Every structure is written in C-alpha cells, then in structure tokens.
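Engineer: Just need the structure, nothing else, for what follows:
(2 chains)
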Amino acid sequence: MAIDHSGGSTVRIENVSKQYDSKQGTVQALGGIEFSVERGEFVCIVGPSGCGKTTLFRILAGLEPPTDGEVLLNGSTVTEPNADMGIVFQEYHLFPWQTVQENVAFGLEKADTPADEKRQRVQHLVDLVGLEGFEDSYPKALSGGMKQRVALARALAIDPSLLLMDEPFGAVDAQTREMLQDELIEIWQETGKTVLFVTHDVEEAVKLADRVVVMGKNPGSIREIVEIDVDRPRSRSDSEFGSYYERVRSLI
Amino acid sequence: MATDLQGERSQTSEASDLPALGVDIRRAALGLCGLAGFIGLWWVASLFQPEFVLPSPVTVATTFVAEAASGEMLTALWQSSLHWIPGTIIGTLLGIIAGIALGWSQLLDDITSPVVRTLRPVPPLALIGFAIAWFGINNAGAAFIIAIGAFWINFYASYGGVEGVSDDLLDVARSLGVKGDLELVRSVVIPAASPEIMTGIRTGIGRCWMLVVASEIFGVPGIGRRILRASNNLQVDVVISYILVLSLMFLLVDSAFRAAQRRVLVWR
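Structural biologist: Here you go, the predicted structure:
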C-alpha cells in the first residue's frame, strides 16, 4: 500500500552543544550531546523541564543551528527541516484553514504524485490514524487527540524515514494519551520508521522506547542511555516495567 | 487500526457558529424601535426649524422619491460607481500586495519604513491637487483619491495579519517540503492572514463610500457632487436624500461582502 516499508534512517548526534548569549552572560543550554539512533529504532529523550530537550529537538529538526557539533541524518548534516523527517509538535500546529484531508495532503501538493494516488494515500493515512468520517472537518471542530492524529498523518504523508516528535501527547488527557501511544507503536511497527520522541513523562518513555536517553540539567547533557528490554505490548503493571521505570526515574 | 473515537470529546456540530439568515427577532424589533424614535425626534425638531435648516422626514421622503423617479439618482449612482469601483479595487489590491510584501520581508520593510511613515498621515483629500495634475478632472482622478484611502487600510490590515502568522506554522510547512518565500507566502502566509486581510477589505469598502464625496469635490460628477451642489443651494432635503443613497449602497455592498467573508472563513 501507499506507506513505504523501506524502513527508517540512522541519526547521529555528534558533540552537539548550544549556547545562548544574554545580557546576564552566556547560558549553556546543551553541552556535548552525543548518541546515535539505529535504523528503525524507537528512542525517547526524557528529562526534567529546563534540561534542554526541546532545544535538542529543534536542533535535530534543523529548526535551530547548534553552536557546536552536528546532526547527521543518513550521513548528511541537518541544516534545515527536510522531507526525510516528519515533525510532530506538542501543539499540533494544524493549518486551521484546511480540512483534515487537506492538512494530511499538504506535504503531497509539492510532490509529483498523480492525483489519484494522492487521494488514495491521503485516505489510507486518514484510516491509519482512525479518522475516517472526519475527512472534511476543520481543526476547530476536533478534540486534542484527534488534532494530534491529523498532525501525525500529515507528517507520515511525505513518507519520512524519521519521525521527530516533541511531547506530542502532552496536551491530551490521560486516557487519550494511552490510546495514542498504542496507536503510535502500531504505526511504528507497521512502517518501520525511526522515531525520536521527546517527553518529560518517564512512564511514557519506558512504555514506548527501545532506548531511553535520560537528560539532566545545567548544562543539558546526557546522564545515561537506558535500554528497555521488555516485550511489547508493555504493561505498566509488569514488574519488569516497574523496575525500568524506577531506574530511569532515579536518574532524573 | 481499531480506534475508539467515542472516548474523546469532539465538538463537531458547530453549525450554530454561523448566524442563520433568520435574524434575532428581539434585536430586530429593538432596532426598529430605535429607528422609529430617531425619525420621531427628527420630525419634532423639524417642526421648529425652517426647511433649509432641517426639513421634515416627510419632505425628505418626497424628495427622495422624486429624485429616484426622475432618474437623477440612478445617474449619479452610476457616475460615482465609475470611480468608486476601480478606485476601491485598485487601492485594495495594491494595499494587500504591499502589506503582504512588507509584512513578510524585513528587508523591504526596513527600506520602505521612512517613506511609509511619511506618506501615511497624508489625508487623501490633501492629494486632490495631484489627482487633478496627474489624471485630470475625471473618473481617473477621483478613483485615485479613493484608491489612496483603500490602500492604507488594506496595507495595515494585511501587514498586521502577515506579522501575526505563527512561526510554528511556517516551520511545519518547511518540514513538509515548502521551499522559498513565494511558496511559503502562497501556501501558508496568505491563508493564515486571510481573516485580517478580509477585515481590511471590508473596512476599506466602507471608507471608500465616504471618500466618494471627497473625491468629487473638484468637479467629477456623481453622488458627492450632487450633495455638494445641493448644499450650496441650501437644498437640505436633497442632501439628506443622497446621503441616504450612500448609506444604502454601503449597507448593500457591506452585507454582500460579509456573506462572502463568512463563506471564505468557514474554518474559523
């Protein structure tokens, strides 16, 4: 079907640091971040607020340049957002003047996809995120969870090999969040994309990730990278889950 | 993927956002009372004044009908539209284009800012000399005055709208493969700023009807000219009749535009 199963991309973060100059002096937001992500891997970046994870996200997405170091996506340096990555923000940022369908199709308008294929692909994505019946709704009529589904479908439409997500489920209620997490895992397993997922929620990180990158403050840096070796689907009542949770928690 | 959307709160049935055609009866009744009261006061006041100071509503109504029946009114309206329409359209378009360009490009904004700030406070009426010198005493000259008025309103509305477009939406668009300024402006900036742009157009339309009178001050025929001539002859009933024509035209065009606006901005 329309979604390519060609798999994900590799990401290497090499000695990335970020400084902001202010009147009070220089603020070191990130210092010497270094790790890499394998093809098709699901990696969560977790840390307390103020640890620079959003800054790191923006650098990964090419929305902000690092002061030092570089981000390599499939071997080439990231300097701006590109079609190899699909970006999902916490606040959805849907185009309010477009319907669900049009939002999802946004990234396809530029591509030379034949109209017929485009339509099929959009429909497939809308179905994939469970929004059939809402194709012609405008964002204002959707709940937070539905908006985030549209944002996810829109990011998937350009078939990126990397999905970059910044606290995507931070603004929805607990029940919806859980549902969206399960759906994301299903989509990830189905498409084989590489996922980099920023969150402040330890439980969410342990539930989703193959590996959890734990960050600390002052300056934002990596405390430890924890591999989560629990079979999916994971249940938080599991004792294994619990011990990983405690472990990651203790690091923050 | 099995998804249960019922677990989520959605507010899909928002059709009530759009006021239906059936107007709120209570409001309409109150408005009618206000109007009747106004005309009543006017009538009472006119009893104590000579005709050339304040004619009674009845006199005005009679004159209005006579002017309409003689075809004078329609002629004046037609003559005014010959500069109102092109003036409004040209001024609006140029204002929107300039507003978007300067709102988007910091460079253009910096370059033009001193000139813009110098020209901005010049009232269109002060430019009548230029209108005559550049275009002559004709529709083009009058259209020029009207266009100036439309230009600034649309310029600032569009400029503000473009400045208010969220950077996040632009980031999203870039990440979805939109490259280059023109493409971003077309696919994100203009639609995102469209509510402000539309408000500008609407305000401009109203302002341009007011400018019709000013633009005909130097001799171009039309409603404004008719008002000015009647004023000189102390025909206050004629003056009021033509003011009513302006009001009616404004109401007509404004309602039509509002309906169009509502359609374009259904997503709001």
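
Engineer: For stretch A:213-232, which residues meet the burial criterion?
Structural biologist: Within stretch A:213-232, the residues that qualify as buried are A:213-216, A:219-223, A:226, A:228, counting by 16 or more other C-beta atoms under 10 Å in any protein chain shown. In this view, the C-beta of every residue, glycine as well, is placed from N, C-alpha and C.

Engineer: Dump these into a markdown table; add pLDDT as well.
Structural biologist: Converted to a markdown table, the buried residues of stretch A:213-232 look like this (pLDDT from 0 to 100):
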| residue | pLDDT |
| --- | --- |
| A:V213 | 94 |
| A:V214 | 93 |
| A:M215 | 93 |
| A:G216 | 89 |
| A:P219 | 81 |
| A:G220 | 85 |
| A:S221 | 86 |
| A:I222 | 89 |
| A:R223 | 89 |
| A:V226 | 91 |
| A:I228 | 90 |
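
Engineer: Make JSON lines out of those and add secondary structure and distance to B:I197.
Structural biologist: Shown next, in JSON lines, are the buried residues of stretch A:213-232 (DSSP: H, G, I helix; E, B strand; the rest coil; distance: C-beta to C-beta, whole Å):
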{"residue": "A:V213", "secondary structure": "strand", "distance to B:I197": "44"}
{"residue": "A:V214", "secondary structure": "strand", "distance to B:I197": "47"}
{"residue": "A:M215", "secondary structure": "strand", "distance to B:I197": "43"}
{"residue": "A:G216", "secondary structure": "strand", "distance to B:I197": "47"}
{"residue": "A:P219", "secondary structure": "coil", "distance to B:I197": "44"}
{"residue": "A:G220", "secondary structure": "strand", "distance to B:I197": "41"}
{"residue": "A:S221", "secondary structure": "strand", "distance to B:I197": "46"}
{"residue": "A:I222", "secondary structure": "strand", "distance to B:I197": "47"}
{"residue": "A:R223", "secondary structure": "strand", "distance to B:I197": "50"}
{"residue": "A:V226", "secondary structure": "strand", "distance to B:I197": "51"}
{"residue": "A:I228", "secondary structure": "coil", "distance to B:I197": "50"}
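
Engineer: among those residues, which two are most distant?
Structural biologist: Farthest-apart pair in those is A:P219 and A:I228; separation 25.9 Å (C-beta to C-beta).

Engineer: and residue 53, how many residues sit next to it?
Structural biologist: The chain I'm using is chain A. Neighbour count for A:K53, taken as other C-beta atoms under 10 Å in any protein chain shown: 22.

Engineer: looking at chain B here, not the other one
Structural biologist: Using other C-beta under 10 Å, B:V53 has 11 neighbouring residues.

Engineer: would it count as being in a strand?
Structural biologist: No - counting by DSSP: H, G, I helix; E, B strand; the rest coil, B:V53 is not part of a strand but coil.

Engineer: B:Y242 versus that one, what's the distance?
Structural biologist: B:V53 is 18 Å from B:Y242, where distance means C-beta to C-beta, to the nearest Å.

Engineer: Enumerate the residues of the stretch 151-252 of chain A near chain B.
Structural biologist: Applying C-beta under 8 Å from any C-beta of the partner chain, one finds that the stretch 151-252 of chain A approaches chain B through A:154-155, A:157-158, A:175-176, A:179, A:183, A:186-187.

Engineer: any idea whether the residue of chain A found nearest chain B is helix, strand or coil?
Structural biologist: Nearest residue of chain A to chain B (C-beta to the nearest C-beta) works out as A:G130 at 2.7 Å. Under three-state DSSP, A:G130 falls in the coil class.

Engineer: can you check A:L63 too?
Structural biologist: Under three-state DSSP, the three-state class of A:L63 is coil.

Engineer: In contact with the closest residue in space to it that isn't next to it in sequence, which residues?
Structural biologist: Residue nearest to A:L63 in three dimensions, not counting chain neighbours: B:D171, with 5.5 Å by C-beta to C-beta, 6 or more residues apart in numbering or on different chains. B:D171 makes contacts with A:61, A:63, A:81, A:87, A:93, as judged by C-beta atoms under 8 Å, 6 or more residues apart in numbering or on different chains.

Engineer: Might one say that B:G177 is in contact with A:K110?
Structural biologist: Yes - B:G177 lies in contact with A:K110 (C-beta atoms under 8 Å); the separation is 4.9 Å.

Engineer: what sits in contact with each of those two?
Structural biologist: Shared contacts of B:G177 and A:K110, defined by C-beta under 8 Å, 6+ apart, are absent.

Engineer: Around A:D238, how many other residues sit close by?
Structural biologist: If you count neighbours by other C-beta under 10 Å, A:D238 ends up with 13.

Engineer: go on, A:S237?
Structural biologist: If we define neighbours as other C-beta under 10 Å, then A:S237 has 7 of them.

Engineer: right, and A:E240 touches A:V230 too?
Structural biologist: Yes - A:E240 lies in contact with A:V230 (C-beta under 8 Å); the separation is 5.1 Å.

Engineer: Run through the stretch 51-200 of chain A and note the low-pLDDT ranges.
Structural biologist: Filtered on pLDDT under 70, the stretch 51-200 of chain A yields the residue ranges A:111.

Engineer: Show me which residues of the strand or helix carrying B:R27 are buried.
Structural biologist: Element membership for B:R27 (DSSP states H and E) is helix B:25-47. Neighbour counts over helix B:25-47 (16+ other C-beta under 10 Å) mark B:S46 as buried.

Engineer: before we move on, what about stretch A:96-116?
Structural biologist: Buried positions in stretch A:96-116, judged by neighbour count with 16+ other C-beta under 10 Å: A:96-108, A:113.

Engineer: cool, stretch A:203-213 as well?
Structural biologist: Using 16+ other C-beta under 10 Å as the test for burial, stretch A:203-213 gives A:203-213.

Engineer: can you put these in TSV and add distance to B:F64 and secondary structure?
Structural biologist: Below are those laid out as TSV (distance: C-beta to C-beta, whole Å; DSSP: H, G, I helix; E, B strand; the rest coil):
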residue	distance to B:F64	secondary structure
A:E203	76	helix
A:E204	72	helix
A:A205	76	helix
A:V206	80	helix
A:K207	76	helix
A:L208	74	helix
A:A209	78	coil
A:D210	81	coil
A:R211	82	strand
A:V212	80	strand
A:V213	79	strand
